[in-house]
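# how does the following fold in three dimensions:
(one chain, ligands or ions: 1)
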Amino acid sequence: MRIQHHLPFVVCVGLLVLAAGCRTQTGATAPVGQTWRGVHLAVESDRRLAVLQGQLPKLAADGVNVLVIQVDYHFDFQSHPELRDNPFITRAGARAFSRAARKLGIRIIPELDCLGHQSWAKTTFPLLAKYPQFDETRGQFPGNKRIYCRSWCPSNPGVNKVVFALIDELTDAFQADAFHVGMDEVFIIADPHCPRCRGRDPAKLFAKAVNDLHRHIVGKRGLAMLMWGDRLLDANTMGCGRWEASANGTARAADLIPKDIVLCDWHYREQTNYPSVPFLLAKGFRVWPSGFQPLAATEAFSRFSLEQRRRNKRVLGYLCTTWNKATPASAGDWPPITEILPNWKPDRVPRRF
Ligand SMILES: [Zn+2]
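Predicted coordinates for the structure are as follows:
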């Protein structure tokens, strides 16, 4: 998941829906109007965090003011030590890192992939390995053959209590005011093998998972909540494939979840238009366009997003996803970061390639 997913297999085409007005939103977020210049990285140990800490001055100089750190189960959880994956980040390591980042004006947002992405290849991640009763397809697909990734069951009455404890620990460790719940590429949902979910509406089940997380993260903890946007896009009407958008009935969840969620709308191909951005804006969400590589594609999506932001400040900025093409050691020199993010600095005239 951290290396290979989000492959750019598809081309989005479709009608450009004009953006809604500049409705502002408040909450535990950056001040309205401040541009989010972000980098998304998977970091799995204190040692890698320390390496990334060495890159922070470079990243700050390029304008980075948000780092999304995908931790998943690589944390020394005290509430659920059985879910600690190796290697791992400690609370002390996270605290030291977030202190150093804050001094440079960089906000840290931890991420735990929720609902989907509970396995990669033959490896089932700790939650479903230790609690197989939470598995949407318990006992099915031995060796994870013939599936992309496992999902947890959003209808299982026990899963949220465990996951919320993990989210609380990550939030506390990184002293975060926002949390990224992942939720991309959920292909297994409303599965016929699940006695609770079979036959139910995938959009309602997906929305239930989002709403449960929102009640805890935003409602109870007062944090901002971020998630990937692909399951809220209809592959048919948006002209996208089943990775970049949903072909499994979840897209109607966009009308069933709170609009204060920040949607990280990822697209990796070079296109002229990215219709999902104005589409999600028109739904009322804040949108954080999220690109990858190659540089020409990064620049195209960034340029389109800058134009959208001029019309609507609910386009928050731009997020460079890295998927191990940039590492904690190399992030400060990775062209999509060094060449693109400076364009999002105030008063900067964007470079063209
Ligand atoms: Zn289920």
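
# and the residue lying closest to R221 once chain neighbours are set aside, which helix or strand is it part of?
Nearest non-adjacent residue to R221, counting by C-beta to C-beta, 6 or more residues apart in numbering: T171, 6.7 Å away. Heads up, the C-betas are built off the backbone N, CA and C, glycines and all. Per DSSP states H and E, T171 falls inside helix 159-173.

# check the secondary structure at the residue of the stretch 251-353 of the chain found nearest the ion for me.
Nearest to the ion, among the residues of the stretch 251-353 of the chain, is A253, at 15.5 Å (C-beta to the ion). Here A253 is recorded as helix under DSSP: H, G, I helix; E, B strand; the rest coil.

# in the stretch 201-350 of the chain, which spans are helices?
Taking DSSP state H, counting those that start in this stretch, the helices of the stretch 201-350 of the chain run over residues 202-214, 235-238, 276-283, 295-311, 335.

# who in the stretch 201-350 of the chain is up against the ion?
Counting by C-beta under 5 Å from the ion, the stretch 201-350 of the chain comes close to the ion at no residue.

# and the residue of the stretch 201-350 of the chain nearest the ion?
For the stretch 201-350 of the chain, C-beta to the ion, closest residue to the ion: L205, 7.3 Å.

# ok, that residue - contacts?
154-155, 189-190, 197 (C-beta atoms under 8 Å, 6 or more residues apart in numbering).

# my reading is that A96 is in a helix; is that accurate?
Yes - applying three-state DSSP, one finds A96 inside a helix.

# neighbours of it, how many?
Neighbour count for A96, taken as other C-beta atoms under 10 Å: 15.

# quick one: it from L49, how far?
A96 sits 8 Å away from L49, going by C-beta to C-beta, to the nearest Å.

# one step back: my read: the residue nearest to R221 touches L223, true?
Yes - between T171 and L223 there is a contact under C-beta atoms under 8 Å: 6.5 Å.

# what touches both of the two?
What both T171 and L223 touch, as defined by C-beta under 8 Å, 6+ apart, is the set F179.

# where does pLDDT dip in this protein?
For the chain, applying pLDDT under 70 flags the ranges 1-33, 347-353.

# where along it do the strands fall?
Along the chain, counting by DSSP state E, strands occupy 36-42, 66-70, 107-114, 119-120, 123-124, 178-182, 224-228, 262-266, 286-291, 317-321.

# identify the residues contacting the residue nearest to R221.
110, 179, 221, 223.

# D265 too?
D265 neighbours (C-beta under 8 Å, 6+ apart): 228-230, 274, 276-277, 280, 287-290.

# any chance of the helices of the stretch 201-350 of the chain in a markdown table with distance to F164 as columns?
Converted to a markdown table, those look like this (distance: least, C-beta to C-beta, whole Å):
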| stretch | distance to F164 |
| --- | --- |
| helix 202-214 | 8 |
| helix 235-238 | 31 |
| helix 276-283 | 26 |
| helix 295-311 | 32 |
| helix 335 | 38 |
